[in-house]
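> Need coordinates for the following:
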Amino acid sequence: MLIYVLQGNVIEAVFWPQMIPFELSFRVDGLSIFIAIISFIIWVAIFIYSIGYIKENILRYYTLLLLALGAVQDTFFAIDLVNFYVFLEMTTIFAYFLIIHNKDFTAQKAGYKYLLMSISGAFLILLSIFFSYQHTGNYELSGIIHCGYPIAPILFLTGCFIKAGAVPLHTWLPEAHPAAPTPISAFLSGIMIKIGVYGLIRVIFPINNPSIAINSNMVDLLNSTIIFIALLSIFIGGFLALLQENAKRLLAYSSVSQIGYILFGIGVGTQIGLTGGIYHIINHAIFKGLLFLSVGAAIFRVKSKNFDDLGGLWKKMPVTTIACIIAALSLSGIPPLGGYASKALIGKAVAEYNPILKYVLTFSSALTLAYVFKLIKFTFFGKENKILSLLKEVHFYMLIPMLLLSFLCITLGLTANLIVNSFMPIAVNEIIFFQDSLNISFWSEKGVFIDTMLTVLLGFLIYYLSLKAGLIRREDKKQIMNIPLAKDISCASVDSLYCHLAKIVFNSCQRLNKAHSRDLNLHLSWIPLTFIILYLVLYFDFL
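Okay, here's the model as predicted:
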């Protein structure tokens, strides 16, 4: 029997009688409840959307979806490292079976890659937990940064980067999103990748607390690493999104880029930075979930993810088009939507950290606008495919979630002053108690209009130059790979680098396999020879 005991702000779930040596402990505080509520809203939207989308293996699908929600929520409420790790692994398993729902070769390949990388990330986190326990004797979340081994926070950081899909450990995202059903893509991007970021906020961010005695060199190293990975993710993710001809792959690389903004806010290590990072977690969950559902609705009707087969759908699917535009504008940081508020906070924190980086973020917002303009143009506008003339708007069950999330995108922007000044301190103070009040007013600042116009003009300039350079296909639907410049740049992507390294390793293994003899006597003779060499090494070492 499972008994729940409330002690302060901690709910402990204990098995009774104690036949199972495992204790579940959950933390219910401002930060966990904020992210859990947003995750539940996204999950409800996905659940309703799936009624009109999923037609096969319905029982298995909804069972896995419900289990995945429970595992995700328990991860957010975990009070110690063991519970965090256990539920982290559970989310991986459930998400894997949801990714391979279609059971085709592409889905199974993407699912295997996701499973391999996620388990690798979880293994690194498990190693960091072992180091922490060996030093502290407990499994508290703060044990990672209190650990005397510098390798522990680095391992935990790397594992969280894999889970969050940050560059260069992002390669599972562009594979999983196109292969998974659209609702699951929204689940992965809106909820799942936030687990890695949540782990960083819970475990790594307290290094910036002055009351905690931590080596200053370690603090600088971790913050610098997070900021460096954030910059890589923002620009590599945004640039690769601009190159894509597959709508869902574009959105996958967009998630990689947007995770960079969240990491930037965390890496700066200030109150404004953390507030902006957490608020962008909330906004990104809403507008990226909406983007996947709206673009997925177009894909559901057209039966293709490629831009060559899309276009001219706005007359047939007006509600879906408007929802997608709202999400795209919020993603680009255009006021008065929620994405602008969270990006403005991160920009303010970055300006205080290094004024030059503020202009870097402005350019990245323009890059974001360029690829979402491409997404909107080639999905809903442009030339109408004659084959699609009989299409109509999607089912009402698929429209309800889009309308709900569109409303939230607008609300999170219009009420940004109230949310940031009144509600966000409840979440932020769970990590570090800040005495100062932000008192931020987003819409009364003088630079709002100028920054927005600069972002828009620079975004269209990037799009125009990319079009002229051949990075974006023209209206005659030439493929970018036919243009030398585009081919050279696309081959320089991180994904291609991984593929080349994998080929080198595979070819080396094949040559090694051909080189050595398979004679059993030769293999047996190596055993005593190895012991003799080991004995001699140890003998002379002790002398």
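
> C-alpha only now, for contacts and for neighbours.
Fine.

> The stretch 201-350 of the chain: helices as residue ranges?
216-243, 247-268, 271-302, 318-332, 338-353 (DSSP state H, counting those that start in this stretch).

> closest to Phe442 out of the ones you listed?
helix 338-353 (6.8 Å; C-alpha to C-alpha).

> Show me how far the helix or strand following that closest one is from its chain's centre.
Going down the chain from helix 338-353, the next helix or strand is helix 355-380, by DSSP states H and E. Here helix 355-380 is found 18 Å from its chain centre; the criterion is C-alpha atoms, centre = their mean, to the nearest Å.

> if we can go back for a sec, right, and the helices of the stretch 201-350 of the chain - which one's nearest Ile79?
Among these, helix 271-302 sits nearest to Ile79 (C-alpha to C-alpha), with 18.9 Å.

> Just the angle for the closest one relative to helix 338-353, thanks.
Here the directions of helix 271-302 and helix 338-353 differ by 150 degrees (axes from the mean of the first three to the mean of the last three C-alpha atoms, to 10 degrees).

> Helix 271-302 packs against which elements?
Contact here means 3 or more C-alpha pairs under 8 Å, 6 or more residues apart in numbering; DSSP states H and E; on that basis helix 271-302 packs against helix 30-53, helix 182-187, helix 247-268, helix 318-332, helix 338-353, helix 396-414, helix 424-428.

> Is Thr75 in a helix, a strand, or coil?
Per DSSP: H, G, I helix; E, B strand; the rest coil, the secondary structure class of Thr75 is helix.

> residues contacting it?
Contacts for Thr75 (C-alpha atoms under 8 Å, 6 or more residues apart in numbering) come out as Asn83, Phe84, Tyr85, Phe87, Leu88, Ile195.

> tell me, how many neighbours does the third one end up with?
Counted with other C-alpha atoms under 10 Å, residues neighbouring Tyr85 total 17.

> Tell me, please, where in the stretch 151-300 of the chain the pLDDT is lower than the cut-off.
Applying pLDDT under 70 to the stretch 151-300 of the chain flags residues 207-216.

> and if you look at the stretch 301-450 of the chain?
In the stretch 301-450 of the chain, residues with pLDDT under 70: 384-390, 432-437, 443-447.

> Could you rerun that using 80?
Scanning the stretch 301-450 of the chain for pLDDT under 80 picks out 308-309, 311-312, 382-392, 428-449.

> coming back round to it: any idea which of the helices of the stretch 201-350 of the chain gets closest to Phe131?
helix 216-243 (16.2 Å).

> And the helices in the stretch 51-200 of the chain, which stretches?
Going by DSSP H, counting those that start in this stretch, the stretch 51-200 of the chain shows helices at 58-77, 81-99, 105-136, 143-146, 151-164, 172-179, 182-187, 194-199.

> Would you convert the ones you listed into JSON lines that also reports distance to Ile262?
Converted to JSON lines, the helices of the stretch 51-200 of the chain look like this (distance: least, C-alpha to C-alpha, whole Å):
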{"stretch": "helix 58-77", "distance to Ile262": "17"}
{"stretch": "helix 81-99", "distance to Ile262": "20"}
{"stretch": "helix 105-136", "distance to Ile262": "19"}
{"stretch": "helix 143-146", "distance to Ile262": "20"}
{"stretch": "helix 151-164", "distance to Ile262": "10"}
{"stretch": "helix 172-179", "distance to Ile262": "17"}
{"stretch": "helix 182-187", "distance to Ile262": "18"}
{"stretch": "helix 194-199", "distance to Ile262": "8"}
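
> domain parsing for this structure?
2-476, 501-542 (automatic domain parsing).

> what residue ranges in the stretch 1-150 of the chain score low on pLDDT?
Low-confidence regions of the stretch 1-150 of the chain, defined by pLDDT under 80, span residues 1-28, 136-138, 141-143, 145-149.

> swap the cut-off to 50 and go again
Within the stretch 1-150 of the chain, the ranges that satisfy pLDDT under 50 run 1-22.

> if we can go back for a sec, okay, the contacts of Thr75 in JSON lines with distance to Phe380 next?
Shown next, in JSON lines, are those (distance: C-alpha to C-alpha, whole Å):
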{"residue": "Asn83", "distance to Phe380": "45"}
{"residue": "Phe84", "distance to Phe380": "42"}
{"residue": "Tyr85", "distance to Phe380": "42"}
{"residue": "Phe87", "distance to Phe380": "40"}
{"residue": "Leu88", "distance to Phe380": "38"}
{"residue": "Ile195", "distance to Phe380": "32"}
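
> most neighbours, which of these?
Each of those was scored for neighbours by other C-alpha under 10 Å, and Leu88 scores highest at 25 neighbours.

> wait, doesn't Ile129 sit right on Leu81?
Yes: counting by C-alpha atoms under 8 Å, Leu81 is a contact partner of Ile129 at 6.7 Å.

> between the two, what contacts are shared?
Joint contacts of Ile129 and Leu81 (C-alpha under 8 Å, 6+ apart) are Tyr139.

> Which of the helices of the stretch 201-350 of the chain has the highest mean neighbour count?
helix 247-268 (a mean of 28; mean count of other C-alpha atoms under 10 Å).

> just checking, what packs against it?
Helix 247-268 packs on helix 172-179, helix 216-243, helix 271-302, helix 338-353, helix 355-380, going by 3+ C-alpha pairs under 8 Å, 6+ apart.

> who touches stretch 292-312?
Counting by C-alpha under 8 Å, 6+ apart, 49, 53, 178, 182-183, 185-186, 245-248, 251, 313, 317, 320-321, 323-324, 377-385, 388, 391-392, 394, 398, 402, 477 sit against stretch 292-312.

> how long is that stretch from one end to the other?
Across stretch 292-312, the terminal residues are separated by 18 Å (C-alpha to C-alpha, to the nearest Å).
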